[in-house]
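Novice: just the structure for this:
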Amino acid sequence: MLRQLGLGPDEEAVYRAMLAGGTGGISGLAEQLGWTEQRFRAALDRLAALSLVRPSANGGPGRPVDPELGLTALLMSQEEEVLERQRQISASRLAMTRMLADIRASGGQVATEVQKLGTLDQIQSKIEHLANTCTTEVAAFVPGGGQNAESLAAARPLDRETTARGVRLRYVFLDSAANSPATRDYVNWLAERGGQVRTVPRLPSRMLIYDRRTAIVPVDPAAADLGALVLHGTGAVAALLAFFEHTWQQARSLGETVIRDDDDPLLPPERTVLELLAQGMTDEAIARQLGVSVRTTRRITADLMQRLGARSRFEAGVLAAGRGWLDIRGASRQ
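Specialist: Just a heads-up that it's a prediction; the model follows:
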């Protein structure tokens, strides 16, 4: 009943017992309440700290302060704390308003078509801002294969808040993410909240699109330390969104099994490796694109060369094109 004033059930019970004129000192009052002396003394100490019990002239457990005085003093103290907090909030609001005005005046918040973010902290802050203010959809490419458990755990609170507002989440991972237990758990967790995840063999780079009008892309996909670009409502955003939609339509559910048939002798990872070989990429670069190890890339390459009867990577590309497995001209334009 008096918890809002700082009195718990024990303190209130002791205070009422003392006001009722209980006798017998600490041991007597504790026995009256059916408590141990230790419990009674703990409540008595808290009442003293609240100035509801003062030392007694006869050396007893203390004398209770008149509740009309003591409780009113507690209430006034709380009112003072609330007023002080309100003053602090008003001062903070005024400081924030002045800071935003200064930023706008200096050009820091001018609505530009392209904004460059130079540090990881700036990128993370922008992502958090856009995720917390978007209203309809987040579409994203998530390269790198299986994600580590720490980064997925860090992403969950923001994803939870976003989906709770009814925002649609569509993420495209790499096929290789299916090999990661942490990533599979995250995808299942996201699906329970309405999020959708599909996979493809290859992604060009990380990309985030918010509400179909703002996009974040790396300055250089191969060098994360160079920062990111934020695109606002430009033709570039429309082009990126069209690319995302095309990729989404070609993607599959995480872990979906693909069976090789006579009409298409190549599995998606094999076709992707051939295309990247035709572009002259190294095993290391191909591994990054697919989110797999270099060893896996070399195993796929060796298997393809054996099936084609090729003695070199270049010859593998030529033979694959000759069999209709690969359009080298199309691959070279990607």
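Novice: for residue 201, see how far away residue 324 is.
Specialist: Separation of residue 324 from residue 201 (CB to CB, to the nearest Å) stands at 19 Å. Just so you know, the C-beta spots here come from the backbone N, C-alpha and C atoms, and that holds for glycine as well.
Novice: which one's more surrounded, those two?
Specialist: Neighbour tally, residue 324 and residue 201, criterion other CB atoms under 10 Å: the higher count belongs to residue 201, 23 against 8.
Novice: look at the more buried one and report its pLDDT.
Specialist: Residue 201 is assigned 85 on the pLDDT scale.
Novice: any idea of the mean pLDDT for stretch 241-258?
Specialist: In the prediction, stretch 241-258 has an average pLDDT of 82.
Novice: skipping adjacent residues, who's closest to residue 265 in space?
Specialist: Spatially, and ignoring its direct neighbours in sequence, residue 265 is nearest to residue 325 (6.4 Å; CB to CB, 6 or more residues apart in numbering).
Novice: next, the one you found: secondary structure please.
Specialist: The local conformation at residue 325, judged by DSSP: H, G, I helix; E, B strand; the rest coil, is coil.
Novice: neighbours of it, how many?
Specialist: Residues near residue 325, counting by other CB under 10 Å: 19.
Novice: now residue 73
Specialist: Taking other CB under 10 Å as the criterion, the count of residues near residue 73 is 15.
Novice: surely it is in contact with residue 66?
Specialist: No. The pair formed by residue 73 and residue 66 falls short of the contact definition of CB atoms under 8 Å, at 10.3 Å.
Novice: ranges for the strands of the stretch 1-150 of the chain?
Specialist: 53-54, 63-64, 114-117, 137-142 (DSSP state E, counting those that start in this stretch).
Novice: and among those strands, the most buried is which?
Specialist: Comparing the strands of the stretch 1-150 of the chain by mean neighbour count (mean count of other CB atoms under 10 Å), strand 137-142 ranks first with a mean of 20.
Novice: and that strand, what does it pack against?
Specialist: strand 168-174, strand 207-210, helix 235-250 (3 or more CB pairs under 8 Å, 6 or more residues apart in numbering; DSSP states H and E).
Novice: and residue 167, backbone torsions?
Specialist: phi -80, psi 140 (degrees, to the nearest 10).
Novice: from memory it sits against residue 137, does it?
Specialist: Yes. Checked against CB under 8 Å, the pair residue 167 and residue 137 is within contact range at 6.4 Å.
Novice: shared neighbours, those two?
Specialist: Counting by CB atoms under 8 Å, 6 or more residues apart in numbering, residue 167 and residue 137 have no common neighbour.
Novice: for the residue nearest to residue 62 when sequence neighbours are not counted, what are its contacts?
Specialist: Distances taken as CB to CB, 6+ apart place residue 53 nearest to residue 62, at 4.2 Å, with adjacent residues excluded. By CB under 8 Å, 6+ apart, the residues touching residue 53 are 15, 18, 44, 47, 61-65.
Novice: thinking again about what came up before, how about the helices and strands packed on strand 137-142, which one is nearest residue 113?
Specialist: Taking CB to CB, helix 235-250 is the member of the helices and strands packed on strand 137-142 nearest to residue 113, at 8.4 Å.
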